[in-house]
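>>> Quick one, fold the following:
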Amino acid sequence: MSGTARRWGATLLVVLAAVVLLAGATATPARAEMHGAVAEATAYTQARGEEVGIAVLDRETGQWSVNGAAHTRMRSASILKVFVAESLLDRSRRGAITLTHDDRVLLEAMVIRSDDGAMSNLYSRFGGLGMVHAVTAKYGLTEIGDPPSAGYWGMFQITAHDIVKFYAGVLDGGLQPADRDHLVSLMRRATPTGADGIDQFFGIPRALPGQVWGVKQGWMCCQEGKRRLHTTGILGADNRFLVAVLSQGPQTRSYAYFGETLTRVVQVLFPGGVVPSRDVPRNPFGNLEVATEVSPGVVRVGGWAADSDGPSWPLDVHVYLDGNFAGQASAGLDRPDIPAAFPGYSAARGFSLDLRVEEGVHRLCVNAINVGRGTDNPELGCRTFTVRLSPLGNLDSGHPQGLRAVQVHGWTMDPEAPGTPTDVHLYVDGRLASGANAAGDRPDVAAAYPGTGAAHGFATLVPLPAPGRHEVCAYAINVPGTGGVNPQLGCATVDAPAAMLGHLDWATPQGGLVALSGWAMDPLRPGSTVEVHVYSDGGWVTATTAGGPRPDVESVYPEGGPTHGFSVSAALPPGQHRVCAYAIYRDGRAGNPELGCHTVG
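Here you go, the predicted model:
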């Protein structure tokens, strides 16, 4: 496709290909006897001394109308380009190949302008003969024959019957809807002349001016002493008729002569130059393009809608949230792209609506409201999204502090009131134990949520009710007057010590004696002293009481005070000995713990 060729947005293009825009103002009844028309056209071609294969499929009735030459093989010329286009679109969609932007430009030029250079490039790079074989196998095209040389794509053998069968397969599920509609749209954009300067508006385009059609034409001369001219396509805004008229004859006759024959054949098939259409209801059409949360709890819905019964009339759209009516808007905003894609329609086709939405997962759908002869208020699209109104945040850490507390750190912020510090409630084993206000400096939060500020951190000491394992959980309290709930920010499992604490810090020989020093504390009686027994080589040596000053222990376990140190000396026989200290439970608990051992001597 040339650099100046028009491209529409992908969303609009899909809608365009699917919308019924009847070029004829009044739908005409289908010709009762297409068989008779084919016979009449065949007699005409025979009188002109040409071999012409004719195949027509009415997709409304399923009726095939063919002549005897519809199964006669003729060289393909450029008709094979639609096979290559089908293969590239399908394989790209499935991830089997990757098409670059330049590849897609070549694909469009190959179909729209029948560009041979683009065809040769794509044919040679993406599979060649094997690619065509895959397409014929996919659609059951048994009448397609190979060229005399694999690289000579214009010399494939085709029949009118199998070309129509191919088009039917593409429309009836052979391609995904978006790719199908894209291929049809390219065929509808065929230019009056091909890339080589040859007039390609013969046959279908010349016979059916003002009608909706998409074509792929073919021409070649003078291989095997013959001139060949083919017109094939998909006819009607509803893609009702599929037509292939292939011709060949002496090369001495001109393209103009063959073109006149093909044009007359199509005129016979469709008298008056009218392609019969289905009696399609004239329902509104359009697209839901966005459903985006623009602020906490506010979702902006936008798109466009039009009705062929009133291209300039105001058109309402209704919005449904989780199946319930949620609001409506008038499609009257400026959308200059709409008349560019749909001539005759006003630009005032856009709509936008802001909805207040509660927290949770929601499904939103938009319907256009019919204003004329249509039978339905069609759905323009749906979106599923999640709205978060409750505070955000996290309990970052929870570390034991002393004997009966845990130090917690974290952050929280209410998206509806980011300038208001959020309260935090701390629960221990499911019971409220403490509270905090998240107003501390957290520049990392400010960086992650621009515009909310940094005053969203909290740090507090939470008391624990007893020794043992506890679960500490933090909950953000929703700012009053905003939506949402009080979400859990996280939990931490901490252990408040219950077993004896302490340590034998050192044991040192001092002139015939051994001096020992350390500390001990019973978490169940932190204010009481602890008896310490000293053993050497497994035998009892002496006892003392851990009641001396140890400010370092108090700084870690302030609940116990400073009096938990011990120092004692004991006489030992000469030689090396292993000296151990044990803390003794006063309440008779089993397993007096070892505070440590040292080898001395």
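
>>> C-alpha only now, for contacts and for neighbours.
Noted.

>>> so residue 37, which of the three states?
Taking DSSP: H, G, I helix; E, B strand; the rest coil as the rule, one finds residue 37 in the helix state.

>>> residue contacts, it?
268, 269 (Cα atoms under 8 Å, 6 or more residues apart in numbering).

>>> now residue 359
Taking Cα under 8 Å, 6+ apart as the definition, contacts of residue 359 comprise 297, 386, 387, 388, 389, 390, 483, 484.

>>> ok, now residue 154?
Counted by Cα under 8 Å, 6+ apart, residue 154 has contacts 75, 76, 77, 78, 80, 147.

>>> Which two among those are spaced furthest apart?
Spatial extent of those (Cα to Cα) is set by the pair 78 and 147 at 13.0 Å.

>>> which of the two has more neighbours?
residue 78 (24 against 16; other Cα atoms under 10 Å).

>>> how about that one, secondary structure?
Under three-state DSSP, residue 78 comes out as helix.

>>> Out of the contacts of residue 359, which sit inside strands?
386, 387 (DSSP state E).

>>> So how do I select the buried members of the contacts of residue 359 in ChimeraX?
Selecting the buried subset of the contacts of residue 359 in ChimeraX, with 16 or more other Cα atoms under 10 Å as the burial test, is done by:
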select :297,387,388,389,390,483,484
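
>>> could you redo the contacts of residue 359 as CSV and give each row pLDDT and distance to residue 291?
Shown next, in CSV, are the contacts of residue 359 (pLDDT from 0 to 100; distance: Cα to Cα, whole Å):
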residue, pLDDT, distance to residue 291
297, 91, 12
386, 93, 11
387, 93, 12
388, 91, 15
389, 91, 17
390, 92, 20
483, 86, 20
484, 88, 20
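
>>> Most widely separated two among the contacts of residue 359?
So, the contacts of residue 359 by Cα to Cα: farthest apart are 386 and 483, at 14.2 Å.

>>> can I see the domain layout of the chain?
31-273, 285-387, 392-496, 501-600 (automatic domain parsing).

>>> Could you identify which of those has the lowest mean pLDDT?
In terms of mean pLDDT, the lowest-scoring of the domains of the chain is domain 285-387 (a mean of 91).

>>> Just the buried residues of the helix or strand where residue 444 lies, please?
Counting by DSSP states H and E, the element that carries residue 444 is helix 443-448. Across helix 443-448, burial judged by 16+ other Cα under 10 Å covers residue 445.

>>> now stretch 271-289
The neighbour-count criterion (16+ other Cα under 10 Å) identifies 273-278, 282-289 as the buried residues of stretch 271-289.

>>> Inside strands: which ones of these?
Those of the buried residues of stretch 271-289 lying in strands (DSSP E): 285, 286, 287, 288, 289.

>>> For the fourth one, name its beta-bridge partners.
Looking back up the chat, that one is residue 288. Counting by DSSP bridges, residue 288 forms beta bridges with residue 303.

>>> so who does it touch?
Contact analysis of residue 288 by Cα under 8 Å, 6+ apart lists 301, 302, 303, 304, 366, 380, 381, 382.

>>> Could you find the closest non-adjacent residue to residue 549?
Of all residues not flanking residue 549 in the chain, residue 563 sits nearest, at 4.6 Å (Cα to Cα, 6 or more residues apart in numbering).

>>> OK, contacts around that neighbour?
With Cα under 8 Å, 6+ apart, residue 563 has these contacts: 529, 546, 547, 548, 549, 550.

>>> Isn't the fourth one up against residue 568?
I take that to be residue 548. No - counting by Cα atoms under 8 Å, residue 548 does not reach residue 568; the two are 11.0 Å apart.

>>> between those two, which one's more packed in?
residue 568 (18 against 15).

>>> helix or strand for the more buried one, which one?
strand 563-571.

>>> hey, where'd the helices end up in the stretch 151-300 of the chain?
Listed from the start of the chain, the stretch 151-300 of the chain has helices (DSSP state H, counting those that start in this stretch) covering 160-169, 177-188, 204-207, 255-269.

>>> how far away is the spatially closest residue to residue 50 that is not a sequence neighbour from residue 69?
Setting aside the residues directly before and after it, residue 50 is nearest to residue 249 in space (Cα to Cα, 6+ apart), at 5.1 Å. Counting by Cα to Cα, to the nearest Å, the gap from residue 249 to residue 69 is 13 Å.
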